[in-house]
Structure formats: C-alpha cells, structure tokens
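[1] Provided below for reference: sequence and predicted model.
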Amino acid sequence: MEDNYIIWRGITHAAATAILTDFANEYHETDTVKGLRLYKKQGVDDWLILFSEVPDFDIFSFLINYIYYPNGYKGYSAFIRGYYRTKSILSGRDKIGGNRVMVYISKNNKEYDNVFLTDETGKHFISDFSGGIKRIDGPEEAYVFIAYDLKEYEHVADISPLPKGYRHTHNTRKKPWWKIW
C-alpha cells in the first residue's frame, strides 16, 4: 500500500477522468500531476487515486478540494477521503500526532479554500491553502483508516496534463467564431 492516496466514491468513470484531467491541466507545472493513476474497485463505483511521485501536501490538499468542489458539476456529491503520511508534511507537522492524517472536506464547511485533517490520535485541524495548519476543537470527523488492496482494483487511467496547446478545462466555454478576432 502506498503512503499517500485518495478514496473517492459516488462518481462515474467519465466524470472522474474529466475532473482529474482538469486538475492536471490546471496544475501542470507540478510534478505531482504528471503521474496521477486512477483505479476502479471491481464491481462498484469506488475509485482510488495513487501518485507516481510523493505529492506535496498542498497539492494533495488542493486535489481533495478540487474533486469535492469540481467546476461544472451541479448537484454533485461524493465521498472523498485522503490519507497522507505526516512525515511528508513540511508546515505544522509538530502539531500532528501519529503517522498518517485523514484529509477531507467537513460537512460543516462554509468556505471553499481549505481542507480538514484528523490525525491518528484524534486531533482535528484545518489547513488553509496559504500553508497554515491550525488545530481546531472538534467535533469533526473521527479518524477512520480506509485501507485498500490493489488486487481488488483495476487500473483505468494514467492522468497527465495535456500538451500545452491542447489544455482546456471541463467547463470552458468556446468563444463564438465571430469573437475570435
């Protein structure tokens, strides 16, 4: 089992691929998005996202947030849990206990620019996208470790950014031909 991964439930194959491709195109400068691997659990619409490179914690958090709030998907709701090794967290690591954190979006979240963490010792944190990890009082979600067995998953796609001239996002609207000039 890899150290850092994401479990994603409640999404179709086409939507999962499109959302991850949009993310890869958006953050194409980072090495993390050049090796996203998407797996589907046999018999159900449960997805596993693995990384060919150890993801930076900020990019990992952005991805959790991006797939929770994807552009262009109205009425979308999915279960998303990320698991990240604390040894790879550079900022705020001294506050976090255990070897791994569960990364998620809180059901009570009112802002779109953060993720929530629960460590193995039961402490709760909020991580904003400016690099800050702040301890918060619960009650947020309890730490629940969801392990995976890669034998139960089928590899369905390697996601990488499209070449520079072909990048677009799912919700990009094309200009009418008369507004090209």
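    Cool, the structure landed. Numbering: from 1, shown residues only.
[2] can you give me the strands for the chain?
    With strands called from DSSP state E, the chain shows them at 5-9, 36-41, 46-51, 79-85, 100-104, 114-119, 124-128, 133-136, 153-159.
[3] which one of those strands lies nearest to residue 24?
    Closest approach to residue 24 among the strands of the chain (C-beta to C-beta): strand 153-159, 5.2 Å. Using the backbone N, CA and C atoms, a C-beta is placed for each residue, glycine as well.
[4] so for that closest one, what gets flagged as buried?
    Judged by neighbour count using 16 or more other C-beta atoms under 10 Å, the buried positions of strand 153-159 are 153, 159.
[5] could you do stretch 71-79 as well?
    Neighbour-count burial for stretch 71-79 [16+ other C-beta under 10 Å]: 73, 78.
[6] what's next to the longest helix along the chain, contact-wise?
    Using DSSP state H to define each element, the chain has its longest helix at helix 13-26. Helix 13-26 has contacts (C-beta atoms under 8 Å, 6 or more residues apart in numbering) with 8, 11, 33-34, 36, 38, 40, 45, 47, 49, 62-63, 66-67, 70-71, 73, 76, 156-157, 159-162, 167-170.
[7] can you say which of these are buried?
    Buried members of those, counted by 16+ other C-beta under 10 Å: 8, 11, 33-34, 36, 38, 40, 47, 49, 62-63, 66-67, 70, 73, 159-161.
[8] export the strands of the chain as TSV, with columns for distance to residue 20.
    As requested, those are arranged in TSV below (distance: least, C-beta to C-beta, whole Å):
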stretch	distance to residue 20
strand 5-9	9
strand 36-41	6
strand 46-51	7
strand 79-85	12
strand 100-104	17
strand 114-119	17
strand 124-128	21
strand 133-136	25
strand 153-159	4
